[in-house]
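Novice: test case, fold it:
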Amino acid sequence: MEPAHVVLLLTEFNRNSLAAVAGALEETPPTADCPITVAHGMDNLIERLPDVCGAARRVVVAFSFGTLALTDAAVAMQRLRQMARGRGIDNLVSVAGGPHPSAVPEEALKLGFDYVVVGEGEIAFPSLVSALAREADASHIKGIATTRDGRVIRNGRAEQPDVHAFPPVAQRTRLFSYIEITRGCGRGCKFCQNPFLFGRSLRHRSIENIAAAVQFLHDVGWRDIHFLSPDALSYGSDNPGEPNLRAVSNLLKATNEIAGREHTFFGSFPSEVWPASVTDEAMGLLRAHTGNDMLIIGAQSGSQAVLDRMKRWHTVDDVIRAVQIIVKHGFVPSVDFLFGLPGETEADEGATLDLMLRLADMGAQIHSHTFIPLPGTPLAEFPSPHLSPRLQRALDRLAGPGKQYGAWRQHMQAARRVADFRKELGRVETINAMDLGTF
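Specialist: The predicted structure is shown next:
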């Protein structure tokens with residue numbers, strides 16, 4: 001019988017984080033031979049678990065989720081526990097990780113998770129799996145939170161890994177997607193969880209580390225290479241907003257040699273480019289070595305007062321100039337806006353509307369989001385917003401001719417649903433005391 005078996009619940013939004021922890025399990029000696037099963041959604045998990053549980057002494061089921069998936073995680077845990085009780089399975093251990101559990105591990109424990117990884121998982125999660133396989137006490141592991149006798153035990157944040165020591169893909173498990181090239185963000189925008197989760201220092205993967213992942217993906221038939229970074233042009237730089245174009249050039253050339261220029265995507269989803277980093281030289285470099293036609297930049301607001309208050313560290317003029325340069329070099333700018341930020345006035349909203357219309361006339365597409373109060377950020381305790389009828393009408397008008405896209409309406413609804421759920425969760429001891437049918 002296997003000492004331990006890890007089951008990763010794969011969803012629409014957590015492939016990158018699961019690829020990272022699966023790769024870490026494969027690279028860490030005590031867990032290198034640990035069997036890993038990837039369950040594609042909750043139905044698949046429920047279907048496959050009985051056989052897995054019959055073949056291992058301990059089965060570790062791992063969830064990774066953000067704030068918008070909190071209610072989904074609650075329902076999933078309820079289904080998992082009901083299945084275990086109904087089949088008499090007693091060797092399951094549930095582990096939560098990701099942005100939301102890292103920010104508020106107590107909430108994840110209330111949902112019924114046995115353990116929470118607080119912070120990055122490459123070191124803490126294999127240590128936890130190794131301890132569980134040996135039936136050792138795991139509560140002492142740095143970055144692990146759990147409960148004992150009804151009391152929450154927290155052991156700080158997980159140790160930050162050296163990103164060179166772990167691959168961005170899981171080769172044995174065949175779990176991969178985008179290739180992370182930079183971790184951390186030095187800017188600290190008030191609404192963003194990235195600096196909270198990964199820190200404000202920039203940690204870049206080496207060209208060799210990235211090229212090995214690109215080669216593996218190419219060899220298994222994965223054609224298009226997309227990179228993951230808070231700011232694609234920050235790769236290789238020590239300072240936010242000061243691109244190291246030599247490092248970017250070396251990265252793109254190495255990728256082109258393996259995958260081809262037409263299959264190299266940089267500065268497009270799931271990454272973006274910082275407005276103030278956009279220059280003719282940078283855009284010329286990307287035009288020569290990438291296959292994408294769109295570049296994403298984050299404006300977030302058309303009000304300079306709001307940008308300053310949110311600690312964005314760029315100006316409205318930076319956004320306008322960036323769009324001009326991007327268009328000149330033959331790219332389509334996709335410009336992110338975040339509506340309903342705390343403290344916005346009618347004048348701020350008007351400035352944002354004016355900027356959106358101006359950028360759309362210049363050839364940009366508007367990518368719309370609604371502010372969501374995220375745990376771990378300075379704005380965590382602000383209420384979820386309701387966008388004004390004027391703004392909603394303007395977004396709908398822009399969407400008609402294809403100048404605006406995005407899930408702003410769904411975000412607005414989800415923010416309220418999550419806020420109501422967290423409020424209710426704060427009133428109960430465990431998820432068993434809640435009626436999940438209302439969520």
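Novice: check contacts around the residue nearest to Q304 when sequence neighbours are not counted.
Specialist: In this structure, Q304 finds its nearest non-sequential neighbour in V316, 5.3 Å apart by CB to CB, 6 or more residues apart in numbering. All C-beta spots, glycine's among them, are computed from the backbone N, C-alpha and C. Taking CB atoms under 8 Å, 6 or more residues apart in numbering, we find V316 in contact with A299, G302, S303, Q304, L307, A351, L355.
Novice: what strand or helix carries the fifth one?
Specialist: Taking DSSP states H and E as the criterion, the element that holds L307 is helix 304-309.
Novice: and that helix, which residues are buried?
Specialist: V306, L307, R309 (16 or more other CB atoms under 10 Å).
Novice: state the pLDDT value of the last one.
Specialist: Model confidence at R309, expressed as pLDDT, equals 95.
Novice: hang on, isn't it packed against G343?
Specialist: Yes. Using CB atoms under 8 Å, R309 is in contact with G343, at 6.2 Å.
Novice: which SS class is V95?
Specialist: strand (DSSP: H, G, I helix; E, B strand; the rest coil).
Novice: please apply the same query to W313.
Specialist: W313 - assigned by three-state DSSP - is coil.
Novice: again, but for F227
Specialist: strand.
Novice: could you report the neighbour count for the spatially closest residue to it that is not a sequence neighbour?
Specialist: Among residues not flanking F227 along the chain, I181 sits closest, at 4.9 Å (CB to CB, 6+ apart). Number of residues near I181 (other CB atoms under 10 Å) recorded here: 27.
Novice: measure I181 to N16 for me?
Specialist: Separation of I181 from N16 (CB to CB, to the nearest Å): 12 Å.
Novice: same question for I366.
Specialist: The value you get for I366 to N16, if CB to CB is used, is 26 Å.
Novice: which of those two has more neighbours?
Specialist: Between I366 and N16, counting by other CB under 10 Å, I366 is the more crowded of the two (24 against 18).
Novice: was I right about that one contacting Y405?
Specialist: Yes. Counting by CB under 8 Å, Y405 is a contact partner of I366 at 7.5 Å.
Novice: isn't N239 up against G186?
Specialist: Yes. With contacts counted by CB under 8 Å, N239 reaches G186, the gap being 7.2 Å.
Novice: give me the more crowded residue out of those two.
Specialist: G186 (18 against 10).
Novice: which residue is the nearest non-sequential neighbour of that one?
Specialist: P240 (3.8 Å).
Novice: okay, and that neighbour sits in which element?
Specialist: Counting by DSSP H and E, P240 is found in no helix or strand.
Novice: that one touches R312, doesn't it?
Specialist: No. Counting by CB under 8 Å, P240 does not reach R312; the two are 11.4 Å apart.
Novice: who's more crowded, the two?
Specialist: R312 (25 against 20).
Novice: if we can go back for a sec, now the residue nearest to F227: phi and psi?
Specialist: Phi and psi for I181, reported as degrees, to the nearest 10, are phi -110, psi -30.
Novice: and R427, by the same measure?
Specialist: Dihedral angles for R427 - degrees, to the nearest 10 - are phi -90, psi -10.
Novice: if we can go back for a sec, what's the overlap in contacts for I181 and N16?
Specialist: With CB under 8 Å, 6+ apart, I181 and N16 have common neighbours L228.
Novice: which strands and helices sit next to the helix-or-strand element of the chain with minimal mean pLDDT?
Specialist: When each helix and strand of the chain is scored by mean pLDDT, DSSP states H and E, helix 194-198 comes last, with a mean of 85. For helix 194-198, the packing partners by 3 or more CB pairs under 8 Å, 6 or more residues apart in numbering; DSSP states H and E come out as helix 99-103.
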